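Trainee: Sharing a model prediction with you, sequence too.
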Amino acid sequence: MDAIARGTATAALTLQSVILQALVYHGNMTPAEALEVVDKAVTAAAEGAKDKSQTEVANVTRGCLEGVREAVVEMMN
């Protein structure tokens with residue numbers, strides 16, 4: 001995975017985090033529902049890797065989603 005692809009993936013997942021936070025803030029989604037979305041995305045990233053390049057993408061995705069998850073958990077507190 002090159003720097004451009006990594007940056008694009010990070011930006012997309014950061015956007016997901018902001019959207020989830022906004023949905024929770026405005027009452028369209030509970031924090032538990034947002035956490036469930038993140039957990040499902042982490043599982044999908046982990047299970048989708050078939051070869052070395054996909055594993056690298058899954059690792060970046062998982063790392064970004066862990067940051068999203070932390071933000072959602074902070075909102076719950």
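Mentor: Ah, there it is. Numbers count the residues shown, from 1 in each chain.
Trainee: what ranges do the helices span in this structure?
Mentor: In the chain, the helices defined using DSSP state H lie at 3-25, 31-47, 52-76.
Trainee: Dump the ones you listed to CSV, plus mean pLDDT and mean neighbour count.
Mentor: No exception for glycine: its C-beta is placed from N, CA and C like everyone else's. CSV is the format used below for these (pLDDT from 0 to 100; neighbours: other C-beta atoms under 10 Å):
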stretch, mean pLDDT, mean neighbour count
helix 3-25, 81, 14
helix 31-47, 81, 16
helix 52-76, 75, 16
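Trainee: And Thr14, how far from Glu36?
Mentor: 19 Å (C-beta to C-beta, to the nearest Å).
Trainee: do the same with Leu13
Mentor: 16 Å.
Trainee: Centre-most residue in the chain?
Mentor: Nearest residue to the geometric centre of the chain (C-alpha atoms, centre = their mean): Leu65, 2.8 Å.
Trainee: and the residue lying closest to it once chain neighbours are set aside, what does it touch?
Mentor: Using C-beta to C-beta, 6 or more residues apart in numbering and skipping the chain neighbours, the partner closest in space to Leu65 is Val42 (4.8 Å). For Val42, the contacting residues are 62, 65-66, 69, by C-beta atoms under 8 Å, 6 or more residues apart in numbering.
Trainee: again with Thr10
Mentor: When contacts are counted by C-beta under 8 Å, 6+ apart, Thr10 is found next to 60, 64.
Trainee: And for Gly67?
Mentor: So Gly67 contacts 13, 17 (C-beta under 8 Å, 6+ apart).
Trainee: Distance check, it against Met76.
Mentor: Counting by C-beta to C-beta, the gap from Gly67 to Met76 is 15 Å.
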